[in-house]
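Peer 1: pasted the sequence and its predicted model underneath.
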Amino acid sequence: MELTPLTAVSPLDGRYAGKLAALRPIMSELGYMQRRVQVELTWFVALSDAGFDEFKPLPPQARAYLTTLLHGFSPADGQAIKDIEKTTNHDVKAVEYWIKSKFEGQPELQAAAEFVHFACTSEDINNTSHALQLKAGRDQVLLPALDAVIARLRDLAHQHAAVPMLSRTHGQTASPTTVGKELANVVVRLVAARAAIADVRLLAKMNGAVGNYNAHLSAWPDFDWETFARCVVEAPELAPGDDANRPFGLGLAFQPYSIQIEPHDYMAELFDAVARANTILIDLARDVWGYISLGYFKQKTRAGEIGSSTMPHKVNPIDFENAEGNLGLANTVLRHLSEKLPISRWQRDLTDSTVLRNMGVALGYAVLAYQSLLIGLNKLELNEAALAADLDAAWEVLAEPIQTVMRRFGVPGAYEKLKDVTRGQAVTREALHGLIRSLEIPPAEKERLLTLTPASYLGKAAELARRA
């Protein structure tokens, strides 16, 4: 059966394929192959620059040709590697053979072909490729999608900074807040979570079969291989249009200690950080869903859109529901990745290999959820009448400021008196005002309390919302 969006097993490559077009070139098998080629060629060029008599520096035309292999990698190239793999039954060796095949007709490169994959173990190529995938996936796709959600929430927080809203703690009416302040709370949390994602250092090792440079030192015992490997890993990547005569690098952080595989602790840190941001967004999605249910928000409709197959009046909060579901899927995969990847039997087992191929699945569900949230947030319209009606029906929330003022002036049993008047009862404006007038407190304080309404009892909510 031909693979199409209709026949794909995963909805990421099926129903939602178009929404993840930016992630697919990075986190797919093709993206993985391209970065393997990038690592092999970067190591190869760096060896030519190392000063070995046996491998003289490559001439400019050869370096320029290698950049065309690096930046012009195509699906046809990926398929050619897969065809070689059918014979080798080894994916990294297939990449090495493909690169060597591309040296035909290039005398300087053909003469140096044995320096492709020189002293490398497959994991030197794989771990750096995974780090490059995560770097591009995080910086080019995931963070921009998250930033768009944060920016929209910040706009809404500022726009509705002073719009009063009844709080609900334990599902019960509580001290009023503002719509903007509740959204600002999420903005502040997300900004911190976003920084944690961005701050994770993406590590890579280039130190041989068990991390000790054994093969390297057998060839050149007096060469400082550790410093060389660090330079290759940490030097900036060669971007399209860059001078091919400058040093080739990978733009990652160097991992000096490893077994055959990089320990993957940084991956666990990254995936945990993404999951933390996702958890905040699940909290947001559920709250907005609830506010829509209460009527605090209405949703803009699109012509022809159906809310229910039998109930034509409905406009369901599907964007927030889809986001919640996909955030849950993302976190399930992210948490398995973070728990499994740092564990390896002795110096190497292969259980990480198949798991790592699902990094794109985890990030894909996260990005899909961020897109749904942004669509949902852009549909929201505030229903200030519903907000005002809820507040006007909740005069009991003023029991808090009244008893606090009573305490200030030493009125005994302030809390208990208000509890007797308000708890479990329908509290009216008139009843509270009668109580206030009976209090033995300064007249100016009575007048101040008498002017208070649920909609004006907001503390610093508006200020805090605008500051976010």
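Peer 2: Now that the structure is in, tell me what you want to look at.
Peer 1: look up how far residue 136 lies from residue 356.
Peer 2: Residue 356 sits 15 Å away from residue 136, taking C-beta to C-beta, to the nearest Å as the criterion. Backbone N, C-alpha and C define where each C-beta goes, glycine included.
Peer 1: between the two, which is the more surrounded one?
Peer 2: Under the neighbour definition other C-beta atoms under 10 Å, residue 356 and residue 136 were set side by side, and residue 356 has more, 21 against 18.
Peer 1: for that one, which non-adjacent residue is closest in space?
Peer 2: Nearest in space to residue 356, with sequence neighbours left out and distances taken as C-beta to C-beta, 6 or more residues apart in numbering, is residue 130 at 5.9 Å.
Peer 1: my guess is that neighbour contacts residue 357, does it?
Peer 2: No - judged on C-beta atoms under 8 Å, residue 130 makes no contact with residue 357 at a distance of 9.7 Å.
Peer 1: chain center to the helix or strand that the residue nearest to residue 356 is a member of, what's the gap?
Peer 2: Here residue 130 is covered by helix 122-136, with elements defined by DSSP states H and E. Here helix 122-136 is found 19 Å from its chain centre; the criterion is C-alpha atoms, centre = their mean, to the nearest Å.
Peer 1: helices or strands up against it?
Peer 2: Packed against helix 122-136 by the contact rule (3 or more C-beta pairs under 8 Å, 6 or more residues apart in numbering; DSSP states H and E) you find helix 24-27, helix 29-48, helix 91-101, strand 203-204, helix 265-294, helix 359-379.
Peer 1: can you redo those as CSV with mean neighbour count and distance to residue 58?
Peer 2: As requested, those are exported to CSV (neighbours: other C-beta atoms under 10 Å; distance: least, C-beta to C-beta, whole Å):
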stretch, mean neighbour count, distance to residue 58
helix 24-27, 20, 28
helix 29-48, 22, 5
helix 91-101, 20, 14
strand 203-204, 24, 23
helix 265-294, 20, 32
helix 359-379, 23, 33
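Peer 1: before we move on, back to that, okay, the angle between the helix holding residue 130 and helix 29-48?
Peer 2: Here the directions of helix 122-136 and helix 29-48 differ by 120 degrees (axes from the mean of the first three to the mean of the last three C-alpha atoms, to 10 degrees).
Peer 1: C-terminal to helix 122-136, what's the next element?
Peer 2: Using DSSP H and E, the next helix or strand after helix 122-136 towards the C-terminus is helix 143-159.
Peer 1: helix or strand next in line after that following helix, which one?
Peer 2: Per DSSP H and E, the first helix or strand lying C-terminal to helix 143-159 is strand 164-169.
Peer 1: quick one: buried residues of that next one?
Peer 2: Neighbour counts using 16 or more other C-beta atoms under 10 Å place 164, 165, 166, 167 of strand 164-169 among the buried residues.
Peer 1: and if you look at stretch 425-433?
Peer 2: Of all the residues in stretch 425-433, those buried under the rule 16+ other C-beta under 10 Å are 427, 432.
Peer 1: so who does residue 434 touch?
Peer 2: Going by C-beta atoms under 8 Å, 6 or more residues apart in numbering, residue 434 touches no other residue.
Peer 1: what's the helix or strand for it?
Peer 2: Since the elements are taken from DSSP H and E, residue 434 ends up inside helix 429-438.
Peer 1: other residues contacting whichever helix or strand comes after that helix?
Peer 2: Using DSSP H and E, the helix or strand that follows helix 429-438 in sequence is helix 443-450. Contacts to helix 443-450, defined as C-beta under 8 Å, 6+ apart, come from residues 398, 401, 402, 405, 409, 433, 436, 437, 439.
Peer 1: buried ones in helix 443-450?
Peer 2: Quick answer for helix 443-450 (16+ other C-beta under 10 Å): 446, 449.
Peer 1: one step back: want to throw the helices and strands packed on helix 122-136 into CSV with distance to residue 338 and mean pLDDT?
Peer 2: Shown next, in CSV, are the helices and strands packed on helix 122-136 (distance: least, C-beta to C-beta, whole Å; pLDDT from 0 to 100):
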stretch, distance to residue 338, mean pLDDT
helix 24-27, 17, 96
helix 29-48, 20, 98
helix 91-101, 25, 97
strand 203-204, 15, 98
helix 265-294, 4, 98
helix 359-379, 10, 98
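Peer 1: quick one: low-confidence ranges for this protein?
Peer 2: Applying pLDDT under 70 to the chain flags the ranges 302-314.
Peer 1: spatially central residue in it, please.
Peer 2: For the chain, residue 274 is the residue whose C-alpha lies nearest the centre (C-alpha atoms, centre = their mean; 4.4 Å).
Peer 1: what sits against it?
Peer 2: The neighbourhood of residue 274, defined by C-beta under 8 Å, 6+ apart, consists of 142, 197, 330, 334, 362, 363, 366.
Peer 1: correct me if wrong: residue 231 contacts residue 46.
Peer 2: Yes - Residue 231 is within contact range of residue 46, at 7.3 Å (criterion: C-beta under 8 Å).
Peer 1: who touches both of these two?
Peer 2: Counting by C-beta under 8 Å, 6+ apart, the common neighbours of residue 231 and residue 46 are 247, 249.
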